[in-house]
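**Q** take a look and give me a structure for this.
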Amino acid sequence: MTHDTAVLKAREIANRVLAPSAGQNDKAGRFSTEAVESLGESGLLGLLLPVDLGGLGLGPRTFAVVTETLAEADASVAMVYLMHILGTATISAARPGAAQALAPVLQQIGAGRHLSTLAFSEPGSRSHFWAPISRAYRNGDGVRISAKKSWVTSAGHAQSYVVSALAPEGAGPTDSTLYLLGVDTPGLSVAGPWDGLGLRANASAPIALDDCTVPSGFQLTDDGAGFSVMLNVVLPLFNLGMAAVALGLCRAAVAGTASHLKSTKFEHLGESLGESLPTLRAQLAAMQIDTDGLSARIDDLIEHLEKPRETTTLLVLESKAAAGDTAISVTSAAMRICGGAAFSKHLSIERLFRDAHAGAVMAPTGDVLREFIGRALLGMPLF
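**A** So this is what the prediction gives:
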């Protein structure tokens, strides 16, 4: 499958499956199993998997455009897709010793029958997602883990969870190891409901691991090597994906605002809002400028990921921080321009506004990223 074909499939799913139900799923906080099934049938769940494993063998550019396309219709589904792709990338990068045990999982992903996700964040380390408090303990050839994980997208719906824990002999917060736990692992459970302000339909609930046993074949990284995978595999794709989600929200906000300005009229003047109020036209123009600026930033990041160079890490850090600010700014402007129609929830603008704010506080938050950026500019170590 080519880049263009993958994007066309994503657009078809967005229009046929996501857009008609996004508002109701948001209101009810309902996870869209239909969306996941459609993404699986299309082959998009295996986007980054090599072709010999049944995947599409595509790269970050296609991943970004597909994610943006989904987010323009429903950011909750886009987040489910993003976290699945991160899980898939982490499983694919597993140590050689796990290849035999993981092969069936990768084949199921390639066949579109397996949804994965990440379970990194913990209440004790909060937005420092790379620093688990939980620890793995030796258990014969494998380990056992007890942990409380927060903000787990697709909780209760994913077939597997990529879980972090301190290595058995880990001495510091970055001495972590990554493991893969199937949904049927004894002791693994969804630990609470999800009722968020934004991204309400992505089932981002906490999960609990109660003395879960993980066989050695499902240890994804060498002991203590989880931190490196988090930074070098997960973080670049996550920040790119989050920027793409933000771009999709911005595009939807611009389109929704323009539609409102064209279709809503001052009946006594015989003119639309857009025709009557140049100040609103100017604000719409500013929204478009910011949206195009974010698009250019994402293109630049993709080029750096495809051909890494000295400034790549800095652009990875900047991308999510800038995208979060842009999405909040653009959707906030849309709320102001659309006025009572937006605040009374007669438009989808209000959902976009909430989703933009939810994305901005996902770890690593903008504040954490700015700390890293400042350290990088001063030549200080990030950790």
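**Q** now do the strands in the stretch 201-350 of the chain.
**A** 205-214, 265-266, 271-272 (DSSP state E, counting those that start in this stretch).
**Q** now the first one: buried residues?
**A** It stands for strand 205-214. Within strand 205-214, the residues scored as buried using 16 or more other Cβ atoms under 10 Å are A205, P206, I207, L209, C212, V214. Using the backbone N, CA and C atoms, a C-beta is placed for each residue, glycine as well.
**Q** same check, this time on stretch 227-243
**A** 227, 229-231, 233-243.
**Q** could you tell me the end-to-end distance of that stretch?
**A** End-to-end distance of stretch 227-243 (Cα to Cα, to the nearest Å): 22 Å.
**Q** what of stretch 124-142?
**A** This stretch, stretch 124-142, spans 25 Å end to end (Cα to Cα).
**Q** what's the answer for stretch 107-117, then?
**A** Using Cα to Cα, the two ends of stretch 107-117 sit 16 Å apart.
**Q** list of residues touching it?
**A** Here stretch 107-117 makes contact (Cβ atoms under 8 Å, 6 or more residues apart in numbering) with 36, 39-46, 49, 53-55, 80, 83-84, 86-88, 91, 105, 152-155, 157-162.
**Q** just the buried residues of those.
**A** For these, buried by 16+ other Cβ under 10 Å: 36, 39-40, 42-46, 49, 53-55, 80, 83-84, 86-88, 91, 105, 152-155, 157-162.
**Q** next up, the contacts around A191.
**A** Contacts of A191 (Cβ under 8 Å, 6+ apart): K148, A205, P206, I207, A208.
**Q** mind putting those in TSV, pLDDT included?
**A** Formatted as TSV, the contacts of A191 follow (pLDDT from 0 to 100):
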residue	pLDDT
K148	97
A205	97
P206	97
I207	98
A208	98
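**Q** before we move on, back to that, restricted to strands, list the contacts of stretch 107-117.
**A** V152, S160, Y161, V162 (DSSP state E).
**Q** next one: phi and psi at the nearest residue to Y161 once chain neighbours are set aside?
**A** Spatially, and ignoring its direct neighbours in sequence, Y161 is nearest to A119 (4.5 Å; Cβ to Cβ, 6 or more residues apart in numbering). Main-chain dihedrals, A119, degrees, to the nearest 10: phi -130, psi 80.
**Q** A119: neighbour count?
**A** 30 (other Cβ atoms under 10 Å).
**Q** quick one on the thing from earlier: export the strands of the stretch 201-350 of the chain to JSON lines and tack on distance to S176?
**A** Formatted as JSON lines, the strands of the stretch 201-350 of the chain follow (distance: least, Cβ to Cβ, whole Å):
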{"stretch": "strand 205-214", "distance to S176": "14"}
{"stretch": "strand 265-266", "distance to S176": "58"}
{"stretch": "strand 271-272", "distance to S176": "56"}
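**Q** just tell me which of the ones you listed ends up closest to G374.
**A** Set against G374 and scored by Cβ to Cβ, the strands of the stretch 201-350 of the chain come closest in strand 205-214, at 31.3 Å.
**Q** what lies in contact with that closest one?
**A** 119, 134, 136, 139, 142-152, 155-156, 161, 163, 179-181, 185-194.
**Q** inside strands: which ones of these?
**A** Per DSSP E, the contacts of strand 205-214 map to strands at 119, 136, 139, 142-152, 161, 163, 179-181, 188-190.
**Q** selecting buried members of the residues you listed in PyMOL, what would you type?
**A** Here is the PyMOL selection string for the buried members of those, based on 16+ other Cβ under 10 Å:
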select buried, resi 119+136+139+142+143+144+145+147+148+149+150+151+152+161+163+179+180+181+188+190
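**Q** contacts only, for A253.
**A** Applying Cβ under 8 Å, 6+ apart to A253 gives the contacts M287, V330, T331, A333, A334, I349, L352, F353.
**Q** mind checking how far it is from L47?
**A** For A253, the distance to L47 (Cβ to Cβ, to the nearest Å) stands at 26 Å.
**Q** what ranges do the helices span in the stretch 151-300 of the chain?
**A** Using DSSP state H, counting those that start in this stretch, the helices of the stretch 151-300 of the chain run over 226-229, 235-263, 273-276, 278-306.
**Q** average pLDDT for the second one?
**A** This means helix 235-263. Regarding helix 235-263, the rounded mean pLDDT is 98.
**Q** again, but for the last one
**A** Mean pLDDT, taken over the full extent of helix 278-306, equals 98.
**Q** could you give the angle of it to helix 235-263?
**A** Helix 278-306 and helix 235-263 are oriented at 160 degrees to each other (axes from the mean of the first three to the mean of the last three Cα atoms, to 10 degrees).
**Q** which positions within helix 278-306 qualify as buried?
**A** Buried, per 16+ other Cβ under 10 Å, within helix 278-306: 280-281, 283-284, 287-288, 290-291, 294-295, 297-298, 301-302, 304-305.
**Q** what's it packed up against?
**A** Contact analysis of helix 278-306 by 3 or more Cβ pairs under 8 Å, 6 or more residues apart in numbering; DSSP states H and E lists helix 60-73, helix 235-263, helix 273-276, helix 312-343 as its packing neighbours.
**Q** list the residues that contact K148.
**A** By Cβ under 8 Å, 6+ apart, the neighbours of K148 are E122, P123, S134, A191, P206, A208, L209.
**Q** of the helices and strands packed on helix 278-306, which approaches A99 most closely?
**A** Per Cβ to Cβ, nearest to A99 of these: helix 235-263, 21.1 Å.
**Q** how much distance is there from stretch 372-383 to the middle of the chain?
**A** Centre-to-centre, stretch 372-383 and its host chain are 25 Å apart (Cα atoms, centre = their mean, to the nearest Å).
**Q** contacts for it?
**A** T174, T313, L314, L317, E318, A321, P364.
**Q** and R309, backbone torsions?
**A** Dihedral angles (degrees, to the nearest 10) for R309: phi -150, psi -170.
**Q** burial count for it?
**A** Using other Cβ under 10 Å, R309 has 9 neighbouring residues.
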